[in-house]
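Novice: can you look at this prediction? I've put the sequence above it.
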Amino acid sequence: MIAEFGLAALWLAAALALLQLLAGALSLTSGGEGFGGVVRPVAIVQGILSLAAFAALVLVFSQTDLSVKLVVENSHSAKPMLYKIAGAWGNHEGSMLLWVTIMGLAGGFVALVERRLPEKTMLATLAGQAFVSLGFYAFLLFASNPFARLATPPAEGNGLNPLLQDPGLAFHPPTLYIGYVGLSIAFSFAIGALITREVSPAFARAMRPWVLGAWIFLTLGITAGSFWAYYELGWGGWWFWDPVENASLMPWLAATALLHSCSVLAARNALRAWTVMLGVVAFSMSMVGTFLVRSGILTSVHAFAVDPKRGSFILVLLAIYIGGALTLFALRAATVTEGERFAVTSRESGLVFNNVMLSSVLGIVLIGTLYPLLTEAMGEKVSVGPPYFNPMAALFVVPMLLVLMVGPLLRWRQDNVGRIRKGLIVPAALLVVGVMVAIVIAPGKVLPILGLALAPALAVASLLPLRGRELRRVKLPLWGMVVAHFGIAVSLFGMASDSAFTVEKLVAVPVGGTVDVGPWQVKLGSLEPVAGPNWTALEAELQASYSGATPTMLHPQSRSFWTPPQQTNESALLTRWNGQLYTVLGEQAEDGRWQLRLWWKPFVSLIWLGGALIALGGLLALLGRVWSDLRRIIARGKIADRREGMGR
Amino acid sequence: MSESATPKTSRWALWLPLAFFGAFVGLVAWNLIHPASSDVPSRFVGQPLPQFDLPAAAEGRPGLSRADMANGKPKLLNVFASWCVPCAAESAQLAQLAAAGVEVDGIAIRDHKADLAVFLQRNGNPYARIGSDDVSAVQLAIGSSGVPESFVIDGKGVIRHQHIGVIMPDDVPKLLAKLQDAGR
Amino acid sequence: MKRLLLILAMAFAMPVLADDSMPPAPYAYRQLENPAQEEKAQALMVTIRCLTCQSQSIADSDASMAGDMRNQIRQRIAAGEDPEAIRAWLIARYGDYITYTPRVTSITWPLFAAPLLLLALAALLLRKRFRKGGE
C-alpha cells in the first residue's frame, strides 16, 4: 500500500504543479489577476506532496519490500538500516524522486516566505518553478517510476554497491542534490524577472539568500564527495577531474560567480543582464551535469548504468528549459541595460574580474569535459585529464586569487590604490617570501609552488577587511566573506602541500616488519579475520609511531562483500595536526609477505577543512541576510501597527 | 546617472549563450544517436609484430615467439585467459576456424598452468601454440586492451586485422575472409 | 547489469569473478629503488589512462592490467628510458586515448586555444563597461 500511496502522491503533486503553472501564467495576463491567489497555496501543497512521495519510498526501502522492483534491484534484507534508507536515493529512480522533492519543497518554501518582490514577479517565478518541476515529474512518472511493483517478488534483493555502503556516502548525494536543485530557485527567479522586466537591486537581494543556501550545500557536498573519494578509493587521490566531479564543480563555479555578481547588482544596480544570465546558467549546469551522468555518454567511474532512452528524455527537458530560458534572455535582456558604469579601480571591477575568471574556469571545465565527445564524433578517441585541467584552471585561478587579496578592500564606484597600499604590505611581503621559500622546498613543481606561496598571503589578506573595525560590531555577511575567503587560502595550502610533499611507500612486509614513511615508522602487527553484517574482511593491525613516539593503532581492511560479490580496500587514516598517515592493506605476496600502501600527506586535511570554512562563511552570510530581513519585516510590521493604532 | 548613459549589451552577445547551448545539444544528440563504442582499437594494425618469445602455457603445446608467427602462413592470434568468463564463449568458433585449416595461436594472459589446463579440457583446445604472458607484456606491445581479442597476422608477421571481444558465429566468415586476404 | 545501479565500482573493485588470481607483476605495487626514477615513473603513470577501467589513471587502479602497465613503465624507466618515449610508445599502440595529457594536434588545438578565446570574449563584452579614468 505504501508504494501505491507514494505513486498517488507523486501524481497529485504533478497535477498541482500543472495547476501552479496555469494559474501563475493566467495571473500574468490582463483580466487573469484573480488566479494569482491560488499559486502560493498550491506551491506549498505540491511541496508537501512531493515530500510524502519521497517519504513513502524511504519507508518501502526501510522495510525491504521486495515486491517493489527498485528495492529488489538496489537493496537486500541483510543490509544495515542506514544503508537500507540510503538505498532509496542510491539509484537512478530514487535520486530523481529526491530531485523533484527538493524542487517542490524549495518552491513551496519560496511561496511561503518570499514577499519582497512585486507579486507579479513572484507569480511568474513560481510558475517557472512549476514548469521546470513538471518536466521532471513527467520523467519520473513515464520513464523512471520508482514505485513499480514486480508480479512475483523474489526471495531476496540484489544489494547495494559495497562502495556506497559508507556513512559518508549515505548523506553525500542528498547534500549535493539540495545544492544542485536549490539553484532551480535562482533559475525561476531569473525567468520571473525576465518575464516581468523586474531586474533590479531588489531582485538581487531577494534571490541572494536562496542562491547562498543552495551554494552552501553544494560546497559541503563537493567537499564531502572529495573526502569520500580520498579515503574510500584507497589511492590517496582527492580530485580526479572525472566527468561526474566536473558536473558537480560546474554549477558551483556558476553559483559562486552568481553570488558575487548579485552583490554588484544589489549594491550598485550594475551587471544586470549578466546576473540574470548567471541565474539561468547555474541551474542549467545542474541539469547538464545530471544529463551527462545519467545518459552515459561520458565514461566515468561514477557511471550510472547507461540507458540512452532516459538520456534522450533528459536532453529534451534540457532543450525545453535551458533553450527556452536562454531564448527569453536573448529577447528580453536587450531591454535590460547593464546599469551603472564604474572605475577600473573599484569594488565592482574586482567582482567583475572574479566573474570573468570564474566563468573562464567554468568554460575550461566544460570544454575539457565535452571535448572527448567532439573528437569521438570526428572518429578519434582522446582523453582530457588532470594534466590539462590543473594548469588551465590555475591560469585563471591564480590571477583571481591575487585580485581577491585587494578586491574586498576597495570602495564601490571609484577608489585609488594609494588608500589601501599600507594594509597590503604584509600580504605582498608574504607573497614574495613565499615564492622564494617554496622554490627552495619544492623545486621544479610549478603549481605547488604557486599554491604554497599564495596561500599564506591570501590568508592574511582575507582578514584585512576586518582591520580597524570593532570586531563585535562587524556584521555577519562581512564575517561570512572573510571566513569563506580565508577558507580558500586554507584549502589551497592543503592542495599544494599534498602535491608537493606527499611521501608514498608501496612495500611488501612480513608480519612484524617495519616500514618508514616520512616521519612515521609503521609496524605490521598482526592480521585478523573480522566480519560485518554483509561482509567479511581481513584486518591488519598497524602500529604507527611518529618520530619514535608511542605507537597508535590503525586497522586497514581488505573487505569481501557477498551481495553483490565484490572486494574493497578500507583504508585507515591517522590524522595529526600536520598531516595524515594513510594506510591500505593489499594482497598477500607468494612469499607470505603482505602488500601495504602507505602515504604521509602533510596538511592534506586542510583541503576539506578549507571547504568546510567556505561553507561556514556562506552560512554566516546567509544568517546575516536573513536576520536583517527579519528585522526589517518586524520593523515594518511595527510601523504598520502604529499607523493602524493612530488611525483608530 | 541617467538610464540613457548606461551601456547596453550588444544584441549579438545576448544570443551567444543560446548559440553555445545549441552547439552543446547538437553535440550530445549526435553522441546519443551514435553511442561511442568502449573499444580501444589497436593502432598497431598494419605494423609488424614486435619481437617476443613466450614460454609454453600448456602441456603438449609449444610456446610462442615472433619467429613462429612469421613463417609464411597467415594465422589467427587469440589473446585470452582462463579467468576471462566471455573467453569460453568463443571456443566453438575458434574450433570452427581451426577445423577450416586456420592455425590459431594463443597468448594466455596472467594465467596459471593448472587453471589453463582445466579451461582447455572443458572448452576444447583449438590452439597450435600457446604462449604464456604473465605481465601482459606482449599484449601491451601489440596494442590489445583486454581479453578476448584476436589478431589476423599475415605470413610476414604483420598485423592485418584486430577483432575486439568474443568471436561470435557470424564473425567466423568475416575472419576467414580477412585470413584469406592476409594470405594473398 | 543494464539496470541503473549506481556502479561507482567497475574500476575500483573488480567483481571477483572477472579477475585473475596471478600475483601482481614485480613492479605493479613496488617502487623503484632509485627515488628520482620512481618520481619520473609516478609522474608518467598518473597521466596514463587505465584501459580496463573507466576514467582512471593506471596510478589509481587495482585492475591487473593497470598493474602490468605500471610494472612495464617502472622497469623501462629503471632501464633509463625517457618517460616521453614511453608515452609515445603507448600512443603508437593505443592512440591518444591512452594519455590524459592531450597533445596539440590538428583536432585538439581548440582545447589549448580555449583560454585565449575566453579572455578575448570577456574583453569584447567588457570594453564599454568601465568609466574612463578620472571621469
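Specialist: Great, that's in hand. Numbers count the residues shown, from 1 in each chain, chains lettered A, B, ... in the order given.
Novice: flag every buried residue along the biggest helix by length in chain C.
Specialist: When chain C is parsed with DSSP state H, its longest helix is helix C:109-126. Across helix C:109-126, burial judged by 16 or more other C-beta atoms under 10 Å in any protein chain shown covers C:Leu111, C:Ala114, C:Pro115, C:Leu118, C:Leu119, C:Leu121, C:Ala122, C:Leu125, C:Leu126. C-beta here means a position set from N, CA and C on the backbone, and glycine is covered the same way.
Novice: stretch A:541-561 too?
Specialist: Buried-residue list, stretch A:541-561, by 16+ other C-beta under 10 Å: A:541-544, A:546, A:551, A:554-561.
Novice: and stretch A:474-488, by the same measure?
Specialist: A:476-488.
Novice: can I get the residues you listed in TSV with secondary structure, distance to chain C and pLDDT?
Specialist: Listed next are the buried residues of stretch A:474-488 as TSV, based on DSSP: H, G, I helix; E, B strand; the rest coil; distance: C-beta to the nearest C-beta, whole Å; pLDDT from 0 to 100:
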residue	secondary structure	distance to chain C	pLDDT
A:Leu476	helix	31	92
A:Pro477	helix	25	91
A:Leu478	helix	26	93
A:Trp479	helix	30	94
A:Gly480	helix	27	95
A:Met481	helix	23	95
A:Val482	helix	27	96
A:Val483	helix	29	97
A:Ala484	helix	24	97
A:His485	helix	22	96
A:Phe486	helix	28	97
A:Gly487	helix	26	97
A:Ile488	helix	21	97
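Novice: pick the one among those residues closest to A:Gly468.
Specialist: Taking C-beta to C-beta as the measure, A:Gly468 sits nearest to A:Leu478 out of the buried residues of stretch A:474-488, at 12.8 Å.
Novice: before we move on, the earlier item: between the buried residues of stretch A:541-561, which is nearest chain B?
Specialist: A:Ser560 (17.1 Å; C-beta to the nearest C-beta).
Novice: tell me the contacts of the closest one?
Specialist: A:Trp535, A:Thr536, A:Ala537, A:Gln566, A:Gln567, C:Val16 (C-beta atoms under 8 Å, 6 or more residues apart in numbering or on different chains).
Novice: partner strands of whichever strand or helix holds it, with direction?
Specialist: For A:Ser560, the element it lies in under DSSP states H and E is strand A:557-562. Strand A:557-562 has the following sheet partners, assigned by DSSP bridges: strand A:535-546 (antiparallel), strand A:565-570 (antiparallel).
Novice: which of those has the lowest mean pLDDT?
Specialist: Mean pLDDT is lowest for strand A:565-570 among those, at a mean of 79.
Novice: check which element follows that one along the chain.
Specialist: Past strand A:565-570, the next helix or strand by DSSP H and E is strand A:572-576.
Novice: contacts for stretch A:57-70 next, please.
Specialist: Against stretch A:57-70 from outside (C-beta under 8 Å, 6+ apart): A:2-3, A:6, A:71-72, A:75-77, A:79, A:81, A:84-85, A:87-88, A:91, A:93-94, A:97, A:146-150, A:153-157.
Novice: please list the residues of chain B that sit near chain C.
Specialist: Residues of chain B that fall close to chain C, judged by C-beta under 8 Å from any C-beta of the partner chain: B:7, B:9-10, B:13, B:40-44, B:81, B:83-85, B:109-112, B:115, B:134-137, B:139-143, B:145-146.
Novice: now, of those, which are buried?
Specialist: B:7, B:9, B:40-44, B:81, B:83-84, B:109-112, B:115, B:134-137, B:139-143, B:145-146.
Novice: which of those residues fall in helices?
Specialist: B:Asp115, B:Ala137, B:Gln139, B:Leu140, B:Ala141.
Novice: I'd assumed B:Ala58 was in contact with the first one.
Specialist: Meaning B:Asp115. No - counting by C-beta atoms under 8 Å, B:Asp115 stays clear of B:Ala58, with 10.5 Å between them.
Novice: in chain B, which helix has the most residues?
Specialist: Chain B, longest helix under DSSP H: helix B:11-33.
Novice: is any part of it close to chain A?
Specialist: Yes - for helix B:11-33, a contact with chain A is found by C-beta under 8 Å from any C-beta, at B:11, B:14-15, B:17-18, B:21-22, B:24-25, B:27-32.
Novice: returning to what we had before: farthest-separated two in the buried residues of stretch A:541-561?
Specialist: Of all the pairs that these form, the one spanning the most space (C-beta to C-beta) is A:Tyr546 and A:Phe561, at 33.3 Å.
Novice: please name the residues that touch the most centrally placed residue in chain A.
Specialist: Centroid-nearest residue in chain A: A:Leu218, 2.3 Å away (criterion: C-alpha atoms, centre = their mean). With contacts defined as C-beta under 8 Å, 6+ apart, the neighbours of A:Leu218 are A:Leu176, A:Gly179, A:Tyr180, A:Gly182, A:Leu183, A:Ser248, A:Pro251, A:Trp252, A:Ala255.
Novice: cutoff 7 Å now
Specialist: A:Leu176, A:Gly179, A:Tyr180, A:Pro251, A:Trp252, A:Ala255 (C-beta atoms under 7 Å, 6 or more residues apart in numbering or on different chains).
Novice: many thanks, I have nothing further to ask.
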